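Chemist: Provide a 3D model corresponding to the input given below.
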Amino acid sequence: MIEYRVRAALDNEALNALYAVAWPAHTGFDFEPVLSRALTYVFAREGERLVGSVYVAWDGAQHAFLLEPTVDPEYRHRGIGRELVRRAADASRAAGCEWLHVDYEAELAPFYEACGFSPTAAGLLKLDGDQQK
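Modeler: Numbering: from 1, shown residues only. The predicted structure follows:
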């Protein structure tokens, strides 16, 4: 049974382990500075195993930004990602946000549309000086 926890205690080791299996290029990272500034974050656990996460940044007012919905590949296609997004959206709404933004690659459009997002035009500026994607 999957348990969802909003703003639960951070376990960097478990979060890094999740990212390592879900994002092949992931290297160890200290998530505390990011999550301490986030509007909210949601973790999904099966027992003690972290199987999903998502976090939301915001502008301090009406705009929230969904970031890095992540589900362990062994747990995908079970509705966990959609439930993480739903709970993140609920927490953003409860904080007074009017809009939840997300950027995604084209192949992920069906997932985000299933979560209720509508496609929009957006822009992206790479800040490290290398403008190649």
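Chemist: show me what contacts the closest residue to residue 95 other than its chain neighbours?
Modeler: Spatial nearest neighbour of residue 95, excluding adjacent residues (Cβ to Cβ, 6 or more residues apart in numbering): residue 39 at 5.8 Å. The way it works is simple: take the backbone N, C-alpha and C, and place the C-beta from them, glycine included. The contact partners of residue 39, by Cβ atoms under 8 Å, 6 or more residues apart in numbering, come to 56-58, 64, 91-92, 95, 97.
Chemist: For those residues, give me a markdown table that also has pLDDT.
Modeler: A markdown table is the format used below for the contacts of residue 39 (pLDDT from 0 to 100):
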| residue | pLDDT |
| --- | --- |
| 56 | 98 |
| 57 | 97 |
| 58 | 96 |
| 64 | 97 |
| 91 | 97 |
| 92 | 97 |
| 95 | 96 |
| 97 | 96 |
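Chemist: Among those residues, name the buried ones.
Modeler: 56-58, 64, 91-92, 97 (16 or more other Cβ atoms under 10 Å).
Chemist: Between the residues you listed, which sits nearest residue 44?
Modeler: Nearest to residue 44 among the buried ones among the contacts of residue 39 is residue 91, at 14.2 Å by Cβ to Cβ.
Chemist: Show me the shaky parts of this protein.
Modeler: Applying pLDDT under 70 to the chain picks out residues 130-133.
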